[in-house]
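**Q** my questions are about this predicted structure, shown below with the sequence.
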Amino acid sequence: GLWSVLGMKVDVRRRALWACASAQPQMSKADPREDGAAAICNYDLRTRKLLQKFLLPRDSAKHLLGDLAVASSGEVYATDSLHPIIYRIRADGKEIETFLVSDEFVNLQGLAFSPDEKQLLVADYSKGLFRIDLASKDCLNLQPLGHSTLMGLDGLYAVGDGSYIAVQNGTTPNRILRILLSPEARKVESLSVLESNNPIWDEPTLGVIAEGGFYYNGASQWGAVSEKGEIAPPEKLRDAIVQRLPL
């Protein structure tokens, strides 16, 4: 019942692992009856046991939980890549709830908190970067600097100094960016390309900031599996790659 795992985050304070799980036809041994089901799973890292599984209500719509972020309070926020919805699990909560629905969203991806955790930054593959005030739910689509783009962002990670690492795999070439926002996260102050067009990449996706570096999946091989779950021939596959980019 775990399904396909996409975004994951470790809650260091509580020694817990949170993971987005969605049933997709590309999965091994996919059950068509489960297609579109989704859940967030919470594991105890000490015992490696599943503590809770927060299921989205089953309805006629398909869901795809792509990524999540965990606040210092223990609250969890997650994005649905198929619907303009951000979900929330309250600290010590018993169910997953809808936090925000907006017609502004098209294809939600990674998300990260501002340093004071009053703002939530959310990547939208088709619209760029959104800043959401968690108290008022005010939603602002941040404009890119001239001659740059914030389209095609996937993973998004707070560095802690008001800047964010973003994996931009929706552009050619693929890039890893560092985006610095204004103190109140209302505008982009600067954008720098940390890495671009790495020859060993095969659609980089998600990662984590740790020990002075950004560790990320450099070869997701997303295109190597068809929508019917058919895997490309062995000669077209490659080893999994975890890369480290010093920060």
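**A** Nice, I can see it.
**Q** can you pull out the low-pLDDT segments for this protein?
**A** Judged against pLDDT under 70, the chain has no low-scoring part.
**Q** so where do the helices sit in it?
**A** Under the criterion DSSP state H, the chain contains no helices.
**Q** quick check: buried residues in stretch 53-72?
**A** Across stretch 53-72, burial judged by 16 or more other Cβ atoms under 10 Å covers 54, 56, 63-70. Just so you know, the C-beta spots here come from the backbone N, C-alpha and C atoms, and that holds for glycine as well.
**Q** with only the CA atoms kept, save it in PDB.
**A** Taking Å, rounded to 0.1, in the frame of the first residue of the first chain, the C-alpha atoms of stretch 53-72 are listed here in PDB:
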ATOM      1  CA  LYS A  53      -0.900   7.000   6.800                       C
ATOM      2  CA  PHE A  54      -2.900  10.000   5.900                       C
ATOM      3  CA  LEU A  55      -5.100   9.100   2.900                       C
ATOM      4  CA  LEU A  56      -6.700  11.700   0.600                       C
ATOM      5  CA  PRO A  57     -10.400  11.000   0.300                       C
ATOM      6  CA  ARG A  58     -11.100   8.700  -2.700                       C
ATOM      7  CA  ASP A  59     -13.200  10.500  -5.300                       C
ATOM      8  CA  SER A  60     -13.600  10.500  -9.100                       C
ATOM      9  CA  ALA A  61     -10.500  12.700  -9.500                       C
ATOM     10  CA  LYS A  62      -6.900  11.400  -9.600                       C
ATOM     11  CA  HIS A  63      -4.400  12.900  -7.200                       C
ATOM     12  CA  LEU A  64      -0.600  13.000  -7.300                       C
ATOM     13  CA  LEU A  65       1.200  14.200  -4.100                       C
ATOM     14  CA  GLY A  66       4.500  15.500  -5.400                       C
ATOM     15  CA  ASP A  67       6.300  17.100  -2.500                       C
ATOM     16  CA  LEU A  68       6.000  18.200   1.100                       C
ATOM     17  CA  ALA A  69       7.600  20.400   3.700                       C
ATOM     18  CA  VAL A  70       7.700  20.000   7.500                       C
ATOM     19  CA  ALA A  71       7.600  23.000   9.800                       C
ATOM     20  CA  SER A  72       9.500  23.200  13.100                       C
END
